[in-house]
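Peer 1: sequence unknown, structure follows:
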């Protein structure tokens, strides 16, 4: 089991471009969480998804950010019209079931987004 | 509202010395606390949780409700313990997403030879 896979590891975008971050959960996991880590801060929850459903997006910025987890393929975090303040490390985690707490969260290596 | 505070951004000790990474929290009710670790170029992974009261890689952490603390301790630090350590807790509202953890900003531990 390769674990939670995120790509790309590093992504550079110019202001106004779109960023697409991908996350493939661990085999057998159908629940995905996205976290963002701004410089000098801890990880902050953004969104929780199950296959084809957004369950909790209370941590997502209201504009420009969206997430999906289609029936086939990885989960995608999409940031439109990126700004410098979007520069951060974006982590994905997966769990085998929605009732799992922190002890069942498995994290990916993260995507470092840099906006020029 | 729940909050996790890790007051030390950086902590350096020599090999064989005791180490304590501080974590304080604010929470309504009985918290379940976690320590996560991220070694260089590796993924964030669970180190230990207070409910299990276990010792992992020589580390222990005791929940002190009076001081609202969950400090991580190891009596004799090793060079391979050098890593970033995060304290975290789940939402107080049991109806909330359980995988939605609140993280401290992390402490970078460096163990010198």
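Peer 2: Received, thanks. Everything numeric here is computed off the predicted structure, so don't read it as measured data.
Peer 1: can you pull the residues of chain A lying near chain B?
Peer 2: A:3-4, A:31, A:33, A:35, A:40-45, A:48, A:55-56, A:59, A:91, A:93, A:95, A:98-110 (C-beta under 8 Å from any C-beta of the partner chain). Quick note: C-beta positions are derived from backbone N, CA and C, even for glycine.
Peer 1: give me the low-pLDDT residue ranges for the chain?
Peer 2: Unless you meant another one, I'm taking chain A. Residues of chain A that meet the criterion pLDDT under 70 lie in A:1, A:98-103.
Peer 1: switch to chain B, please.
Peer 2: Scanning chain B for pLDDT under 70 picks out the ranges B:94-95.
Peer 1: spell out which parts of it neighbour chain A.
Peer 2: Checking chain B against chain A by C-beta under 8 Å from any C-beta, the hits are B:4, B:6, B:9, B:32, B:34, B:42-46, B:49, B:86, B:88-90, B:96-106.
Peer 1: inside strands: which ones of the residues you listed?
Peer 2: Judged by DSSP state E, strands contain the following of the residues of chain B next to chain A: B:4, B:34, B:45-46, B:49, B:86, B:88-89, B:102-103.
Peer 1: where does chain A get nearest to chain B, residue-wise?
Peer 2: Per C-beta to the nearest C-beta, residue A:42 is where chain A lies closest to chain B, at 3.6 Å.
Peer 1: is that residue in a helix, a strand, or coil?
Peer 2: Using DSSP: H, G, I helix; E, B strand; the rest coil, the structure places residue A:42 in coil.
Peer 1: so what's the residue nearest the centre of chain A up against?
Peer 2: With distances taken as C-alpha atoms, centre = their mean, residue A:34 lies nearest the centre of chain A, 3.4 Å away. Counting by C-beta atoms under 8 Å, 6 or more residues apart in numbering or on different chains, residue A:34 makes contact with A:23, A:45-47, A:49, A:67, A:75, A:77, A:90-92.
Peer 1: same check, this time on residue B:51
Peer 2: Residues in contact with residue B:51 (C-beta under 8 Å, 6+ apart) are residue B:32.
Peer 1: swap in residue B:108?
Peer 2: Taking C-beta under 8 Å, 6+ apart as the test, what residue B:108 contacts is B:9-11, B:83-85.
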